[in-house]
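Student: structural data only, the sequence is not supplied:
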């Protein structure tokens, strides 16, 4: 079991392991990152053959998801031109990712971390992140 | 012949040379940059009269194309508002270029580098980059 | 066995595992990061209780060690005021770490990656990194 | 002959070629970069096996040398703790390099560019840069 309101390294590695399994099932190598309640990286793994440009994206999808306690997919919907958060991309020194693949990790009574996945299509990243988050 | 799965300086210079020739043929001076499998610069050339603002763009088109193993033109189509990668521009510390001119360099069984061209219109940059990549 | 001239995720996780074991032995939680030949992150782990400020340091010690193919301890000796590389700290956009804890990963005939450790004293980080690198 | 007060791509490639020859003679692969009067990159080459961390350093040694119209070695002497320019390292967004390897390119009546070399010891980089600059 994970800590009541924290993300241990063991938690993070279990989350990443579940994501890797899902990723192998759909045949798409990805980067997976887990951050804690402070938005700080706990663990990261880049699967063999996954994009190097996705290292930064996976870490920052996880950061973004915890920073705003929602999935990056939902944030993205609100960050399009004309929408209420358009421009949020410029904040936090380029760390806000506004497309699918970042999912919060839910503690007993609050969000205590997040997982970020990058390497496939938006749909692929999202499905891997959701499976990974369920392992928390 | 280029290395099985690497980009030597000789490879990079041959790629740049082919790009320069094409660029002269269409009468549009450009910057041309080549990166290796790690996304690190191998060689760069700015033709006389080419934009100084395109130094950074050419290098980062090459980086982007290797970072995601596709042409920056194709990435750009997926990075428009409403598309699945909208916001990827903010990642990787401003190094992601989402318009035409970056093309992967294909090794025996994987992408091993990329060439980036900047200085003309999107169509011009793309055509120079494609000719340059064929010389790899 | 590791790849002839590459760093797989399995390699990186074995290196990190060995570092964690050594770290537990000396009673000092740390961050451990592994990069590949291109200086790009393959995997990272922050042990429970390790400094959050050390996430960036561990990743960049690994980057630095591969970027210059030496230990960050040796680079540090050459980066002091009056020494031949004083000022190298400013290069590479703040990614150059000039104190102990980054050690190259040796392939068949060249450096193919590096491990970076941060969280304890210089001596502690260095000893963990050396044990970790031997597991490659 | 080079342009009266400019650095053409042909000039830059001749300077780089001379540097590569010297570098091969002393058996130390390096990065070599040439900038023009505006401090903007004209050409860059990373020799096979040269440090990837030196890409940025070579380019910025060249920038620094033109930015202040002196060798980075001389600037370095004045940038040590207690000296008149200590702290200049912080200016120009991390682009000021304060160790040997950057040398101005002299035009008819002024400095019109610079060459930067990185990959060996300070003495090696300096000797390659001096030979390269003489080819201008």
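Tutor: Cool, got the structure. Note that the structure is predicted; figures quoted are calculated from it, not measured. Numbers count the residues shown, from 1 in each chain, chains lettered A, B, ... in the order given.
Student: can you list phi and psi of the residue lying closest to residue A:54 once chain neighbours are set aside for me?
Tutor: Sequence neighbours aside, residue A:118 is the residue nearest to residue A:54 in space, at 3.7 Å (criterion: CB to CB, 6 or more residues apart in numbering or on different chains). Any C-beta I mention is one placed from the backbone N, CA and C, and that applies to glycine too. Dihedral pair for residue A:118: phi -150, psi 140, per degrees, to the nearest 10.
Student: hang on, residue A:118 packs against residue A:125?
Tutor: Yes - counting by CB atoms under 8 Å, residue A:118 touches residue A:125, with 5.8 Å between them.
Student: hey, what's in contact with both of the two?
Tutor: Here residue A:118 and residue A:125 have A:30, A:61, A:101 as joint contacts, going by CB atoms under 8 Å, 6 or more residues apart in numbering or on different chains.
Student: ok, the spatially most central residue of chain A - contacts?
Tutor: What sits nearest the mean C-alpha location of chain A, by CA atoms, centre = their mean, is residue A:116, with 1.7 Å. Contact analysis of residue A:116 by CB under 8 Å, 6+ apart lists A:31-35, A:57-65, A:72, A:97, A:101-103, A:129.
Student: closest residue of chain A to chain B?
Tutor: When distances are taken as CB to the nearest CB, chain A reaches nearest to chain B at residue A:53, 2.7 Å away.
Student: which regions of chain A sit below the pLDDT cut-off?
Tutor: Low-confidence segments of chain A (pLDDT under 70): A:1-5.
Student: strands along that one, start to end?
Tutor: A:31-35, A:41-46, A:102-106, A:111-118 (DSSP state E).
Student: so the first one versus strand A:41-46, what angle?
Tutor: Okay, so that is strand A:31-35. Between strand A:31-35 and strand A:41-46, the angle comes out at 170 degrees (axes from the mean of the first three to the mean of the last three CA atoms, to 10 degrees).
Student: and chain A, which of its residues are near chain C?
Tutor: A:8-9, A:12-13, A:38, A:40-48, A:52, A:55 (CB under 8 Å from any CB of the partner chain).
Student: which one of these is nearest to chain D?
Tutor: Distances from chain D to the residues of chain A next to chain C, taken as CB to the nearest CB, are shortest for residue A:52 (12.9 Å).
Student: residue A:43 and residue C:12: what is the separation?
Tutor: 11 Å (CB to CB, to the nearest Å).
Student: select the longest helix from chain A.
Tutor: Looking across chain A with DSSP state H, the single longest helix is helix A:9-26.
Student: show me what that helix is packed against.
Tutor: On a contact count with 3 or more CB pairs under 8 Å, 6 or more residues apart in numbering or on different chains; DSSP states H and E, helix A:9-26 meets strand A:31-35, strand A:41-46, strand A:111-118, helix A:122-134, strand C:41-46.
Student: what's the most buried one of those?
Tutor: Sort these by mean neighbour count, taking mean count of other CB atoms under 10 Å in any protein chain shown, and strand A:31-35 sits at the top with a mean of 32.
Student: any residue of that one up close to chain B?
Tutor: No - under the criterion of CB under 8 Å from any CB, strand A:31-35 makes no contact with chain B; the nearest approach is 11.5 Å.
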